[in-house]
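Novice: here is my input; please provide its structure:
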Amino acid sequence: MVITCPACQGQYRINPAASKVPVAKVKCPACQHVFEVSLLAKPVARAEQRDTAADPVVLVVDDARFFREMIKDILKELPIKLVLAADGHEAWQQISALSPQLVLLDLNIPGKSGKEIIQELRESPGLKQAKVLAMSGVERGAEVASEMRQIGADDFINKSFTPRELQGRVRKILDL
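Specialist: As a prediction, the model looks like this:
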């Protein structure tokens, strides 16, 4: 069962079967807020909770399979449709076909570079509304973040992010 802290929106998994009480007090490890969770309610499957047809499409572009899968795992609880691409050419094919609302874009990818993709997105009338969260595994400072914003990225994050930080950035960019 996934629970959400009402104070900081942090999400955590708990096992209701491991407890013998109907209501548990939970202390959020992130913000220390204490709240109660009913353990009696049967969790409803995600697809039954809401209509997923309106979910924004998020394209994750990274040449490292590990990072694509890690980001997919971190973002799977968000109300989004995730699509993955391994290089710049595959990314551009997915962008052209799906018109994603957000592109999580590694800057150092084979084929078209992340910088080239950002520039082409901003020059394409039908695609320029897509948001871009540029990423880099190389430790980069404020100078690179500023440069990426100047060419059209909406935000920049180093790959040393925490799961909560990445979820927060995606939520903010997509207004979730």
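Novice: only C-alpha atoms for contact and neighbour calcs from this point on.
Specialist: Noted.
Novice: my read: residue 27 touches residue 12, true?
Specialist: No: using Cα atoms under 8 Å, residue 27 is not in contact with residue 12; the gap is 10.9 Å.
Novice: in this protein, what helix or strand scores lowest on average pLDDT?
Specialist: The weakest-scoring helix or strand in the chain, judged by mean pLDDT, DSSP states H and E, is helix 46-49 (a mean of 50).
Novice: for the closest residue to residue 38 other than its chain neighbours, phi and psi?
Specialist: Nearest non-adjacent residue to residue 38, counting by Cα to Cα, 6 or more residues apart in numbering: residue 23, 4.4 Å away. Note on residue 23: its backbone torsions stand at phi -130, psi 130 [degrees, to the nearest 10].
Novice: and residue 23, how many neighbours?
Specialist: 14 (other Cα atoms under 10 Å).
Novice: residue 85 versus residue 104, what's the distance?
Specialist: Going from residue 104 to residue 85 by Cα to Cα, to the nearest Å gives 10 Å.
Novice: who's more crowded, these two?
Specialist: More crowded of residue 104 and residue 85, by other Cα under 10 Å: residue 104, with 24 against 21.
Novice: quick one: neighbours of residue 31, just the number.
Specialist: 12.
Novice: could I get the full set of helices for this protein?
Specialist: 46-49, 65-75, 88-98, 114-123, 142-151, 163-174 (DSSP state H).
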